[in-house]
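Asker: kindly return the folded structure for what I paste below:
(2 chains)
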There are 2 protein chains.
Amino acid sequence: MTELQWRRQWKPDLSACPWKPLPISKVQADTADCFLVKSKFHDDFYEFLMTDMVHFWYERLSGAALKRRVMELNPSIEAPMSKILDQIRQSLESPGKETRLTVRTSDDKVVLEIESHLAGMPFLYSFKAAGAPENMARDHLTVPLMAMVGELYRQQQELFRLLAAKDRQIDDYKAQGARLYRKVLETAPFDEVAFQNSMITSKGFEEEVKTFGEKAFTSCGQELYREITTRGLGYSARRSKRIAKMAWWVRMNPRVPQA
Amino acid sequence: MTELQWRRQWKPDLSACPWKPLPISKVQADTADCFLVKSKFHDDFYEFLMTDMVHFWYERLSGAALKRRVMELNPSIEAPMSKILDQIRQSLESPGKETRLTVRTSDDKVVLEIESHLAGMPFLYSFKAAGAPENMARDHLTVPLMAMVGELYRQQQELFRLLAAKDRQIDDYKAQGARLYRKVLETAPFDEVAFQNSMITSKGFEEEVKTFGEKAFTSCGQELYREITTRGLGYSARRSKRIAKMAWWVRMNPRVPQA
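Answerer: Numbering: from 1, shown residues only, chains lettered A, B, ... in the order given. This is a model prediction of the structure:
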């Protein structure tokens, strides 16, 4: 397959969808764990993955089964399936004030109930996810997180390099006797070690640790996650036990089309 | 307990020990998964945690059981237990050229065999770890990784701020007509969006994704991991279902003693 053919056939899948913290209501948040969810909605099916960071639950539902569940919960509904799927997606991904999400976990299952409104009428839906295949935790969370950390360190090295370059430019001006007009703009020469130390001892570090990483999947993090997993496309499907030989898909697919 | 009392009693535990890629021999690396290990050696016991990113295996061995295993594998050994534990630790943490590590996994167990030399004599040891308690993956890998990502984004914001400050200083010099003596030192004004884009499209990004995050636990990453898990001390022990109320230990222990 040529790269062009491959690009044409490629469709973003669940891997490339970023995690989001589940916005369950505050009342429930006090009595339950925090959850991350990710989902991918297609024309007539969806994939849904949810975790409390210990368990991973997965559901893929399509066609007749999906229709049946919608009818059971909303006997008088008459909207086309595409509109219903869109409603479910919206309730999950950007729930409005009227949307209520409730989580019930039991043993190896999780039920996420959605109460919302469709065209002014109450609309109910339940995701019913069972234990995910054991490698989904690795492929969707652990390995992408490790890659994000690796990449963020690489970006940090580049930023250190840029700061050093600016300091050399400033030194050149100073060597020629240039003086600041606005003294307040004077900066201290950048020092990597001092920077790392000051970050770790700052108030902000305490604040960050307090959140237990819930900011890992805010806007920047989601974008980086998407980039990494998009490049890593096929990682899980093509992964054999021979991890050391696994990098071939990167060489085969030097540039992956963007979603 | 006052903070001083708490500081005196506090001992670094397995949580605060960073992960390391297991340096198994190249021959085996071709036919096996990559592994991460972490361990904590005390006076007469050790804790050992290992993962292939899907499974987590744990062993805590002490006293008589530890002695028995050492004697079985090395019938003629006469060294004191502290020296033997030190030998095991060194073979695992900084194996020399003569040290050979072999991994055998089966179902719910993993055996890590170490062949090395103690005082010129062959020395054998086997870690035998069974499936770890289910929350160890979260407490030792998932949540610390998420916190690392969150913290690295915070550090990145600070670096962006520093670069902008240097640009303002440079602008001030220029506004006064200062010229570079060495033209080659000229830098472009820093632009966050352009920076993010250039990083994601760079050759280095491909290289980074190729490693599947194995650089997450190199020197910088290990230090950050240690800081985060040290502050997060008691996270798992004191964690109740009410994650929203969990941050109290940070407020209670504003500064945690360093290892």
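
Asker: where does the prediction get shaky in the stretch 151-259 of chain A?
Answerer: Low-confidence segments of the stretch 151-259 of chain A (pLDDT under 70): A:232-259.

Asker: could you rerun that using 80?
Answerer: Flagging of the stretch 151-259 of chain A using pLDDT under 80 yields the residue ranges A:211-215, A:218-219, A:231-259.

Asker: show the contacting residues for the residue of it found nearest chain B.
Answerer: Among all residues of the stretch 151-259 of chain A, residue A:213 sits closest to chain B, at 2.6 Å; criterion: C-beta to the nearest C-beta. Every C-beta, even on glycine, is put in place using the N, C-alpha and C of the backbone. Listed by C-beta atoms under 8 Å, 6 or more residues apart in numbering or on different chains, the contact partners of residue A:213 are B:143, B:144, B:145, B:146, B:147, B:148, B:149, B:150.

Asker: what segments of chain A are helices?
Answerer: Across chain A, reading from the start of the chain, the helices by DSSP state H fall at A:3-9, A:26-29, A:63-73, A:81-93, A:136-137, A:143-175, A:192-200, A:203-210, A:219-231, A:235-238, A:248-252.

Asker: quick one: these as a markdown table, columns for mean neighbour count too.
Answerer: Formatted as a markdown table, the helices of chain A follow (neighbours: other C-beta atoms under 10 Å in any protein chain shown):
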| stretch | mean neighbour count |
| --- | --- |
| helix A:3-9 | 11 |
| helix A:26-29 | 12 |
| helix A:63-73 | 14 |
| helix A:81-93 | 17 |
| helix A:136-137 | 22 |
| helix A:143-175 | 20 |
| helix A:192-200 | 14 |
| helix A:203-210 | 17 |
| helix A:219-231 | 20 |
| helix A:235-238 | 14 |
| helix A:248-252 | 14 |
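
Asker: same list (the ones you listed) but as TSV, adding distance to residue A:48.
Answerer: As requested, those are exported to TSV (distance: least, C-beta to C-beta, whole Å):
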stretch	distance to residue A:48
helix A:3-9	24
helix A:26-29	19
helix A:63-73	11
helix A:81-93	8
helix A:136-137	12
helix A:143-175	18
helix A:192-200	37
helix A:203-210	29
helix A:219-231	17
helix A:235-238	17
helix A:248-252	26
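
Asker: what's the span of stretch A:176-190 from first residue to last?
Answerer: Here the two ends of stretch A:176-190 are set 21 Å apart, with distance taken as C-alpha to C-alpha, to the nearest Å.

Asker: show me the contact partners of that stretch.
Answerer: By C-beta under 8 Å, 6+ apart, the residues outside stretch A:176-190 that reach it are A:160, A:163-164, A:166-167, A:170, B:162, B:165-166, B:168-169, B:172-173, B:175-176, B:178-179, B:181.

Asker: related to what we said a few turns ago, now the residue of the stretch 151-259 of chain A closest to chain B. Nearest residue, chain neighbours left out?
Answerer: Among residues not flanking residue A:213 along the chain, residue B:146 sits closest, at 2.6 Å (C-beta to C-beta, 6 or more residues apart in numbering or on different chains).

Asker: show me the contacts for the closest residue to chain B within the stretch 1-150 of chain A.
Answerer: In the stretch 1-150 of chain A, the residue found nearest to chain B is residue A:146; the distance is 2.5 Å by C-beta to the nearest C-beta. Neighbour list for residue A:146: B:145, B:212, B:213, B:214, B:216, B:217 [criterion: C-beta under 8 Å, 6+ apart].

Asker: mind giving me the domain split of chain A?
Answerer: Structural domains annotated on chain A: A:33-131, A:136-252, as defined by automatic domain parsing.

Asker: CSV for these, including distance to residue B:98?
Answerer: Converted to CSV, the domains of chain A look like this (distance: least, C-beta to C-beta, whole Å):
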stretch, distance to residue B:98
domain A:33-131, 40
domain A:136-252, 23
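
Asker: where does the residue nearest to residue A:213 land on pLDDT?
Answerer: Among the per-residue scores, residue B:146 shows a pLDDT of 92.

Asker: distance check, it against residue A:103.
Answerer: In this view, residue B:146 and residue A:103 are 20 Å apart by C-beta to C-beta, to the nearest Å.

Asker: just give me the neighbour total for the nearest residue to residue A:86 once chain neighbours are set aside.
Answerer: In space, residue A:86 comes closest to residue A:41 once its chain neighbours are excluded; the distance is 7.6 Å by C-beta to C-beta, 6+ apart. Burial of residue A:41, expressed as a neighbour count using other C-beta atoms under 10 Å in any protein chain shown, amounts to 18.

Asker: tell me what residue A:41 is bridged to.
Answerer: Beta-bridge pairing of residue A:41 under DSSP bridges involves residue A:46.

Asker: ok, it touching residue A:91?
Answerer: No - counting by C-beta atoms under 8 Å, residue A:41 sits too far from residue A:91 to count as a contact (11.3 Å).

Asker: so what's residue A:151 up against?
Answerer: The contact partners of residue A:151, taken as C-beta under 8 Å, 6+ apart, are A:224, A:228, B:199, B:205, B:208, B:209.

Asker: now the first one, nearest residue through space, not along the chain?
Answerer: Spatially, and ignoring its direct neighbours in sequence, residue A:224 is nearest to residue A:148 (5.5 Å; C-beta to C-beta, 6+ apart).

Asker: now do residue A:81
Answerer: Among residues not flanking residue A:81 along the chain, residue A:44 sits closest, at 6.0 Å (C-beta to C-beta, 6+ apart).

Asker: in contact with that neighbour, which residues?
Answerer: A:62, A:63, A:66, A:81, A:82, A:85.

Asker: not counting sequence-adjacent ones, nearest residue to the last one?
Answerer: Okay, so that is residue A:85. Of all residues not flanking residue A:85 in the chain, residue A:41 sits nearest, at 5.6 Å (C-beta to C-beta, 6+ apart).

Asker: and if you look at the first one?
Answerer: In space, not counting the residues next to it along the chain, residue A:62 is nearest to residue A:45; the distance is 3.1 Å by C-beta to C-beta, 6+ apart.

Asker: please apply the same query to residue A:125.
Answerer: Counting by C-beta to C-beta, 6+ apart, residue A:125 lies nearest to residue A:114, which is 4.6 Å off, once chain neighbours are set aside.

Asker: then residue A:103?
Answerer: According to C-beta to C-beta, 6+ apart, the nearest residue to residue A:103 is residue A:112 (5.5 Å).

Asker: is the one you found bridged to anything, and to what?
Answerer: Per DSSP bridges, residues listed as beta-bridge partners of residue A:112: residue A:103, residue A:127.

Asker: I figured it hits residue A:126, correct?
Answerer: Yes - counting by C-beta under 8 Å, a contact exists between residue A:112 and residue A:126, whose distance comes to 6.8 Å.

Asker: from what I can see residue A:211 touches residue B:153, true?
Answerer: No - under the criterion of C-beta under 8 Å, residue A:211 makes no contact with residue B:153, lying 11.5 Å away.

Asker: okay, and the common contacts of these two?
Answerer: Common neighbours of residue A:211 and residue B:153 (criterion: C-beta under 8 Å, 6+ apart): none identified.
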